[in-house]
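1. Take this sequence and fold it.
(2 chains)
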Amino acid sequence: MKTIFEKSEEGQKGYSLPKDFSDFMPDPKYTRKSPLKLPEISELNLMRHFTHLASRNMGIDKNFYPLGSCTMKYNPRINEKAAALSSFSCSHPLSPDALVQGNLEIIFKLIQFLCEAAGFQAGTLLPNAGAQGEFTGIRLIQAYHAKQGNLKDEILVPDNAHGTNPATARMAGYKIIPLKTTSQGDVDLKELLEKVNSRTAGLMLTNPNTVGVFVPSILEVSKIVHSVGGLLYYDGANFNPILMIAEPGAMGFDVMHINLHKTFSTPHGGGGPGSGPVLCHEKLAPFLPVPRVIKDQAVYKVLWDDQESIGHMATFHGNFAVCLKAYLYCLLHGKYGLRKLSEGALINANYLKKGFEKLFTVPFPQPCMHEFVVQADRFLPQGIKASDIAKRLLDYGIHSPTVYFPQIVKECLLIEPTEAESLSTLDHFLEVMQKIAHECETNPEIVKTAPHTQPVTRLDEVKANKELRLIHKD
Amino acid sequence: MDFAANKNKQIEKQLQRIGLSFEELIQAIPKSLQKTAPLLDDGLSEMEGFEAIKKLGAKNTITDYKCYLGAGAYEHYIPAIVSAITSKSEFLTSYTPYQAESSQGYLQAIFEYQTAMANLTDMEVANASAYDGASALAEAVIMAIRIKPERKKVVFSKGINPLYMAVVDQYLQAVQYEKVIADEIEKEINEDTIAIVVQSPNYLGIVEDLEKIKALKGEAIFIVSSNPLSFGIYKTPGELGADIAVGDTQPFGIPLQFGGPYAGYIATLMKHVRQLPGRIIGETVDTEGKRGFVLALQTREQHIRREKATSNICTNQALMALSSLVSILWYGKNGIKELALSNYKRAMYLKTGLEKLGFKTYEKPIFNEFWVGINKIDPFLEAKIVPGHAYNDGLIVAVTETKTQEDLDHYLKVARSLK
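-> Okay, the predicted model is just below:
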């Protein structure tokens, strides 16, 4: 399909502007001389272009999207309607506190609600995404140790952790100590005991972890890490199945981030905007970033500076509009409703897992939490890889599960249905998987060359990386 | 209410098929950690929830005021087509385009965004966006340090938004380098300089004279942080010899929404592309030779490189980048110039008006923002005006196309009353 730059027609335009009322002109010494290479295009053609592009993309509203570790749940439209209200969308982040009491109340109350749900005492909504939440959390751990005078420079990270964990700890200046996952999906306590020492600043753990298993020895892990003065970081990417079932705070975690775009249904938007609020134990609260919202009598105020704070994390107040959507989602559900979500997520995942056991190896056989790993190596003799199966799913109108993550399971598919999917959708998915398994035996070529129904067939990634055509040139 | 699809009837069937009770499903969670399910339904109906949010919105009286706040976030008219496109469910509800064949729409849109940002800044390539302008600047400085590992210091101009500088400090706290904040940057440039970092228009709204830095920069990485709308009329980072151009695309189609979500842009030269953090989309062909788009240069990213990644950034601000792209295209080749000029003319109308009243300003070129020596705010608030952002015993005042002559005359009338 043509790019918008190839659809330019001289003199056409979409814009209109109010008339000017002054004659000032900028000093030519400073003005742009190079041509502005942007298309000229009518509003209708612009609209058609993007409508056409949209039709060349999957989305939750159209397709089942069991993308593991991404929690692709339904995005309620009331949240969008709320965030679009001009009282929120037209408020400037540097407004006087008295004129934005509604915004400040939402920030204050969402932190309070999330803390109660996760078992923590303080928090911040500033981080713009999960990865920035991780960075904030690790910086809190760092600030805490610095204040105590602890010389600690190591962070333990299990090998099944999201790639952001080691990248974040590295960014904060830590040395990464990897930990192996046991065949049960647990932390290897023996290895942990060997690796913790006085230099251990903390352990980053996702629980349930990325193979979909609740770490059964979490209380022992917590005890071991704390025994050397280390702190426990909870990666909240997989928070969905334990909402109102178990609190990270009670498990011994000292700090966590939540992905509002996962657990709290704010739309993923094709890969952002996200929001990664951080919650923590009281002892880390003094180090939380600024600006912070505090309540003084009945009035909310913004604190832009605080001596012990790690400082700023985002330009202003983080992704406020995303937080607002999550806040409404919390209001609608209440704690009662949130529990229904996690129960639904757990049951849906286990139901699918049961169905998959008949088709593929399921390397962690115990009950899963919100997602599970399938080892799709059964058809390797026919030359069919996990990624081929994933691509064949697209032909049936189903988005593929996460493939080749976690890296510790070969030919893996990571499947997360979420609570938003009905039984009929899950059954349909299982039927399709059965069909594909059958195709693998009877017509392997159709799987190996899939997809056949998408706007393009398989794309040449080698060419893309070799030629590096990263912008359109006339 | 809740958005879990299956209710008792289906759940019963599911548990039967699984062959376990719900309690057995969660048996890995130690009993001491298990909470009992709340008995009382404390949720709201959609109608009640929306009413509650509207009530909170009503406490934001800022919308009753004419607002001249800028300093990193700007009030602009947002064309109706922007939300009409960004609310399309394939854009709103999809995820990162891991499966390229079923994500061609988004991949192409972001490829077009990269093109638009590269063309707007006169750079050779742009990434798929960063969280915001501040994190884009921080990532750019880290990028420069990776490009010049043998050098020691980064020279920052004094005119950088202090909130951006605070985020830079946050991101670079673990990085060994010498930080210099200079009044006269030219004097600080030498063989040890990793990067020169300038904001233009700067925090006080002044368009900096960067030709002299272009001439002196030598092998140092030149980073220019800007309000990208200013490139409608002012010289681009490309024309000024920059290596990396960064900023926030909020002025293009993204509402103020109390500070976020916005989107940062990072544009650079092809010779630095392997050090460019974040997602990048590339063009290729499918097995039939049809044009298609994929995530390119993924080996730099955290999900493969883990602790050796160029950045921990996991995604981009796709939907916000799309908002900016649509807005940029709606204005198009001529509209961006006219919009930028309209901002300039209105800001100058107010600035010269205030100068005539005897208020102090800087005699330097500006874009749509300027500093003025007004330190009384209350008379403005009484007149339902938020006159600017208080800074250095004065105000940083932003004027965009949203302000009418009547609005500006009202501002001047209140200012006159202060004299």
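2. Show the pLDDT at A:K195.
-> With respect to pLDDT, A:K195 scores 97.
3. so it makes contact with A:L156?
-> Yes: using CB atoms under 8 Å, A:K195 is in contact with A:L156, at 6.3 Å. Glycine gets a C-beta too; all of them are placed from N, C-alpha and C.
4. the more surrounded of the two?
-> The neighbour count for A:K195 versus A:L156, taken as other CB atoms under 10 Å in any protein chain shown, is higher for A:L156 (28 against 16).
5. Apart from its chain neighbours, what residue comes closest to the more buried one?
-> A:L203 (4.2 Å; CB to CB, 6 or more residues apart in numbering or on different chains).
6. That neighbour belongs to a strand?
-> Yes: assigned with DSSP: H, G, I helix; E, B strand; the rest coil, A:L203 falls within a strand.
7. and it, how far is that from A:I106?
-> Look at A:L203 and A:I106: by CB to CB, to the nearest Å, they are 33 Å apart.
8. The residue nearest to A:L156: how many residues sit nearby?
-> As a burial measure, A:L203 scores 27 neighbours (other CB under 10 Å).
9. Report the beta-bridge partners for it.
-> Judged by DSSP bridges, the bridge partners of A:L203 are A:L156, A:L232.
10. Report pLDDT for it.
-> At A:L203, pLDDT is 97.
11. Pretty sure it sits against A:Y233.
-> Yes: A:L203 is within contact range of A:Y233, at 6.8 Å (criterion: CB under 8 Å).
12. Do a quick rundown of the strands in the stretch 251-400 of chain A.
-> Assigned strands in the stretch 251-400 of chain A, in chain order: A:255-258, A:278-280, A:292-296, A:299-303, A:372-375 (criterion: DSSP state E, counting those that start in this stretch).
13. Would you tell me which of these gets closest to chain B?
-> Nearest to chain B among the strands of the stretch 251-400 of chain A is strand A:299-303; the distance by CB to the nearest CB comes to 9.3 Å.
14. Identify the residues contacting that closest one?
-> With contact meaning CB atoms under 8 Å, 6 or more residues apart in numbering or on different chains, strand A:299-303 is reached by A:97-98, A:101, A:104-105, A:107-108, A:290-295.
15. Make CSV out of these and add neighbour count, distance to chain B and pLDDT.
-> Formatted as CSV, those follow (neighbours: other CB atoms under 10 Å in any protein chain shown; distance: CB to the nearest CB, whole Å; pLDDT from 0 to 100):
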residue, neighbour count, distance to chain B, pLDDT
A:D97, 14, 10, 98
A:A98, 14, 8, 98
A:Q101, 19, 4, 98
A:L104, 24, 9, 98
A:E105, 18, 6, 98
A:I107, 27, 9, 98
A:F108, 17, 11, 98
A:V290, 17, 9, 97
A:P291, 24, 9, 98
A:R292, 23, 14, 97
A:V293, 21, 11, 98
A:I294, 13, 17, 97
A:K295, 13, 14, 97
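16. For A:A172, see how far away the residue nearest to A:L156 is.
-> A:L203 is 14 Å from A:A172, where distance means CB to CB.
17. again with A:C323
-> Taking CB to CB, one finds A:C323 at 24 Å from A:A172.
18. Show me which of those two is the more surrounded one.
-> Remark: of A:C323 and A:A172, A:C323 carries more neighbours, 28 against 20, as counted by other CB under 10 Å.
19. List the residues that contact the more buried one.
-> A:C323 makes contact with A:106-107, A:110, A:125, A:260, A:275, A:277, according to CB under 8 Å, 6+ apart.
20. Show me the helices in chain B, by range?
-> For chain B, the helices defined by DSSP state H cover B:8-18, B:22-25, B:46-58, B:80-86, B:89-92, B:104-121, B:133-147, B:162-171, B:211-216, B:302-305, B:318-356, B:378-382, B:405-418.
21. Show me what the second one is packed up against.
-> Helix B:22-25 is packed against helix A:320-357, with contacts defined by 3 or more CB pairs under 8 Å, 6 or more residues apart in numbering or on different chains; DSSP states H and E.
22. mind running it again at 10 Å?
-> The helices and strands touching helix B:22-25, judged by 3 or more CB pairs under 10 Å, 6 or more residues apart in numbering or on different chains; DSSP states H and E, are helix A:320-357, helix B:8-18.
23. Which stretch among the ones you listed is buried most, on average?
-> Of all the helices and strands packed on helix B:22-25, helix A:320-357 carries the top mean neighbour count, a mean of 24, counting by mean count of other CB atoms under 10 Å in any protein chain shown.
24. What angle do helix B:46-58 and that helix make with each other?
-> 150 degrees (axes from the mean of the first three to the mean of the last three CA atoms, to 10 degrees).
25. now helix A:320-357, how far from the centre of its chain.
-> Distance, stretch centre to chain centre, for helix A:320-357: 15 Å (CA atoms, centre = their mean, to the nearest Å).
26. What's the end-to-end length of stretch B:206-217?
-> One end of stretch B:206-217 sits 21 Å from the other (CA to CA, to the nearest Å).
27. By neighbour count, which bits of it are buried? Give me those.
-> By 16 or more other CB atoms under 10 Å in any protein chain shown, the buried positions in stretch B:206-217 come out as B:206-208, B:210, B:213, B:216-217.
28. Right, I'll leave it there.
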